[in-house]
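Undergrad: sharing a model prediction with you, sequence too.
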Amino acid sequence: CGRSNTWKFAAVVPIADIYPRQTQFRHIEFPTYTAVSVLEMNFDRIDINQCPLGEGNLGPNRFADTAKCKKGTTECEPLHGYGFRRGGYQCRCRPGFRLPNVVRRPYLGEIVERASPFQYGKRGNFDCKKIGFIQKLPVEKEYSPDWMREKYTEQYYEYKGYENLQEWSLKSIHHRESEGTNKINVDEVLNYIHSINPNNCKNKTKEDLQLKGDISYGAERQFKNEALMAVRTANFISAFLQVVDPKEIFPGTRVVDAPLSEEQMIGEALAMVMGNSRIWSAGIYFDTNQFVKKPVNKSSSTESKSDPRHDTRAYFAPFAYKEELNTRKFHVEDLARFNNTKEIYTNEPWYKELKSRWSNYYDSLEKHWLKMYFRSRDGVNKTKSQGTLANESVTHEPVYLRRYEHFPEYYRAANIDHGQWTAPYYDCNGFVKKWKITYAAPFFGFNSLRNRIEFKGAVAVSMDIKMLDVNQCPADYHVPNAFKRTNKCDEKTSYCVPILGRGFFTGGYKCECKQGYEYPFEDPITYFDGQRLDNEFLNLIQGKKNWFDMYKCRLAGASQISSSLSVLIFVSLLLYMLKPVLHR
């Protein structure tokens, strides 16, 4: 109230220091509480879960069991992204029930919440129909006949000749254009990616360790938080380089601001790796002769008059990384030590492309406006009548509204769209030998004349692509997803829905029955799981026992006819009466 006038909640983290420091005697060093870091976030952006308590909603939850799903035939499933408002769920059919023939998808909670009491209470509205005939799940698998294998091999032609013991390669990726197809063998590609390790990567060519960009589809969304950490660090450096001037002299008691130090930049790189478990490495890469050294107090009067902005390092790139997941052991390196032509970081393809992109055009960068007294409110205690009246309140006014003529009213910085994503690659010669994808965000500062900004470097974070979720569901032709349309759902009776959290493996989807079809088995779920489908499909291709052809939804009307005993008796009597006529 009185500031942003919004509902907020804060994340609070303590800041600890080690005292005494740099003694090399760990038994006498102990952490000391020094400060606290507070980050306030918008409370209205939190999703509320209105579904009943259960797995995934253990509580305590004030909004639990407030959904309007009809519990007799439907059950609640939360939906993410609705924010702090009602309706962030959907009512799907319970096992043994199906949607009416006129309904295409589960009932959205937003529509259910808006329904009038008459609409909600009317019989049949927002309800599911009971399935009349339910089959038991089979017990034993059977061999598929040859004609069935040929049928599915022709439909999924990329699996022709597929075997578990074959040598994995990227043939289905690199030769898609020559074969005239846009489908890949998803099992072959993923098995190849998982087969590469630090021991055999040196035997591979550069082409074998470089994947195409559509392999990492969804990284911009799934690794958004990791990319925002790089953007935050880049914006901090941009603000510092454009606001702080080591040559600036202030009136009053304020001292001259010091430039960034090597220790601060190493700490920022290390904080990104320690602050997010999905970041395997992070680095701050300064451009050539752009990192200003911290001035050192010297006794010589001639040396102290030199401009500190001209005392720079040729290369500086603090790099932090880890070798294990969920570890407390981290490593720090300065990539400037590798200053030969082949290994220097300024020759990396992503760095050269990012630098050329931001070499001379900065109008699209965001402007972050500063408060007028952000840097220079020295202030003098005054009263309204120069202290003549004792009952007058004391006010703090600045001596000079703009304390310095070069006061920056704003600084320019990049947002997440201004950065660059690399294609997936295996870093065989690097510190983290994994399949990685890198995001780099640029930062900017004033030139030596301080009349325009220029590219100063980039902040890059790298993540393991095996933490991505593979999306095998269909998508439009322009969507850059190498794994689209590789699901094994029966397109006639079901549609594909992605399942998050399955990782970089096949089967991260489910096959929901289409409108007019129903799930035929007695099962706690009402869909065909993608992992089960993919495993049974591989068994069919390899000539093993399988259930793949059974995983299809059934026509909804057929169950009611087959379950009616009176209809069966009537049809039998009719055929018996017509038997003499048919034999004539």
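TA: It's in.
Undergrad: hey, let's count contacts and neighbours off CA atoms from now on
TA: OK.
Undergrad: quick check: Asn481 touching Asp214?
TA: Yes: contact criterion Cα atoms under 8 Å: Asn481 and Asp214 qualify, at 4.8 Å.
Undergrad: these two: who's more crowded?
TA: Counted by other Cα atoms under 10 Å, Asn481 and Asp214 do not tie: Asn481 has more neighbours, with 21 against 16.
Undergrad: isn't Phe548 right next to Glu536, touching?
TA: Yes: counting by Cα under 8 Å, Glu536 is a contact partner of Phe548 at 5.1 Å.
Undergrad: where do the helices of the stretch 1-150 of the chain begin and end?
TA: Applying DSSP state H, counting those that start in this stretch to the stretch 1-150 of the chain gives helices spanning 109-114, 117-121, 146-155.
Undergrad: which helices and strands does the longest one pack with?
TA: Under the contact definition 3 or more Cα pairs under 8 Å, 6 or more residues apart in numbering; DSSP states H and E, helix 146-155 sits against helix 530-541.
Undergrad: and the next helix or strand after the helix it packs on, what's its mean pLDDT?
TA: Per DSSP states H and E, the first helix or strand lying C-terminal to helix 530-541 is strand 554-555. Strand 554-555 carries an average pLDDT of 90.
Undergrad: same thing with stretch 359-377?
TA: Rounded mean pLDDT across stretch 359-377 is 74.
Undergrad: doesn't Asn42 make contact with Trp7?
TA: Yes: assessed by Cα under 8 Å, Trp7 is found in contact with Asn42 at 6.4 Å.
Undergrad: the residue lying closest to Trp369 once chain neighbours are set aside: how many residues sit nearby?
TA: Distances taken as Cα to Cα, 6 or more residues apart in numbering put Tyr410 closest to Trp369, at 4.1 Å, once the chain neighbours are dropped. By other Cα under 10 Å, the residues close to Tyr410 number 16.
Undergrad: spit out the contact partners of Val102.
TA: By Cα atoms under 8 Å, 6 or more residues apart in numbering, Val102 lies in contact with 515-516.
Undergrad: for Phe528, give me phi and psi.
TA: When read as degrees, to the nearest 10, the backbone of Phe528 gives phi -100, psi 120.
Undergrad: any idea how far it is from Tyr321?
TA: According to Cα to Cα, to the nearest Å, Phe528 and Tyr321 sit 41 Å apart.
Undergrad: between these two, tell me which one has more neighbours.
TA: Tyr321 (24 against 20).
Undergrad: ok, that one to Glu343 distance?
TA: For Tyr321, the distance to Glu343 - Cα to Cα - is 18 Å.
Undergrad: over to Ile196?
TA: 23 Å.
Undergrad: repeat for Met550
TA: Look at Met550 and Glu343: by Cα to Cα, they are 56 Å apart.
Undergrad: neighbour count winner among those two?
TA: A direct count of neighbours by other Cα under 10 Å for Met550 and Glu343 places Glu343 higher, at 13 against 10.
Undergrad: what comes up buried for stretch 261-274?
TA: 262, 265-266, 268-270, 272-274 (16 or more other Cα atoms under 10 Å).
Undergrad: and stretch 337-348, by the same measure?
TA: Buried-residue list, stretch 337-348, by 16+ other Cα under 10 Å: 345-346.
Undergrad: and the end-to-end length of that stretch?
TA: Start-to-end, stretch 337-348 (Cα to Cα) is 15 Å.
Undergrad: next one: stretch 186-205
TA: End to end - Cα to Cα - stretch 186-205 spans 21 Å.
Undergrad: buried sites along it?
TA: Going by neighbour count (16+ other Cα under 10 Å), the buried part of stretch 186-205 is 186-191, 193, 196, 201.
Undergrad: and of those residues, the nearest to Trp421?
TA: Ile193 (19.4 Å; Cα to Cα).
Undergrad: pLDDT value on the closest residue to that closest one other than its chain neighbours, please?
TA: Closest residue in space to Ile193, ignoring its immediate chain neighbours: Trp435 at 7.9 Å, by Cα to Cα, 6+ apart. Note on Trp435: pLDDT of 94.
Undergrad: Val567 now?
TA: Listed pLDDT for Val567 reads 72.
Undergrad: for the stretch 451-584 of the chain, which segments count as strands?
TA: When assigned using DSSP state E, counting those that start in this stretch, the strands of the stretch 451-584 of the chain occupy the ranges 453-464, 494-498, 509-513, 517-518, 528-529, 554-555.
Undergrad: and those strands as a markdown table, adding distance to Arg149?
TA: Shown next, in a markdown table, are the strands of the stretch 451-584 of the chain (distance: least, Cα to Cα, whole Å):
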| stretch | distance to Arg149 |
| --- | --- |
| strand 453-464 | 37 |
| strand 494-498 | 21 |
| strand 509-513 | 21 |
| strand 517-518 | 25 |
| strand 528-529 | 20 |
| strand 554-555 | 21 |
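Undergrad: any buried residues in stretch 495-502, and which?
TA: So, applying 16+ other Cα under 10 Å, buried residues of stretch 495-502: 495-499, 502.
Undergrad: do stretch 212-220 as well
TA: Those would be 213-219, for stretch 212-220 by 16+ other Cα under 10 Å.
Undergrad: where's the residue nearest to the spatial centre of the chain relative to Gln210, distance?
TA: Centroid check for the chain by Cα atoms, centre = their mean gives Gln222 as the closest residue, at 1.5 Å. Distance of Gln222 to Gln210, given as Cα to Cα: 21 Å.
Undergrad: mind naming the longest helix for this structure?
TA: helix 224-243 (DSSP state H).
Undergrad: how far off strand 453-464 does the next helix or strand after that helix point, in degrees?
TA: Per DSSP H and E, helix 224-243 leads on to helix 262-275 as the next helix or strand towards the C-terminus. Going by axes from the mean of the first three to the mean of the last three Cα atoms, to 10 degrees, helix 262-275 is angled at 40 degrees with respect to strand 453-464.
Undergrad: so what touches helix 262-275?
TA: Against helix 262-275 from outside (Cα under 8 Å, 6+ apart): 229-230, 233, 279-284, 293, 318-322, 330, 332.
Undergrad: which among those residues end up buried?
TA: With neighbours counted by 16+ other Cα under 10 Å, those contain buried members at 229-230, 233, 279-284, 293, 318-322, 332.
Undergrad: relative to Glu454, which of the helices of the stretch 1-150 of the chain is closest?
TA: Closest among the helices of the stretch 1-150 of the chain, once you apply Cα to Cα, is helix 109-114, at 48.7 Å.
Undergrad: in that closest one, what counts as buried?
TA: Using 16+ other Cα under 10 Å as the test for burial, helix 109-114 gives 109-110, 112-113.
Undergrad: reformat those as a markdown table; add pLDDT and distance to Val256.
TA: A markdown table is the format used below for these (pLDDT from 0 to 100; distance: Cα to Cα, whole Å):
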| residue | pLDDT | distance to Val256 |
| --- | --- | --- |
| Gly109 | 94 | 59 |
| Glu110 | 93 | 57 |
| Val112 | 94 | 62 |
| Glu113 | 93 | 60 |
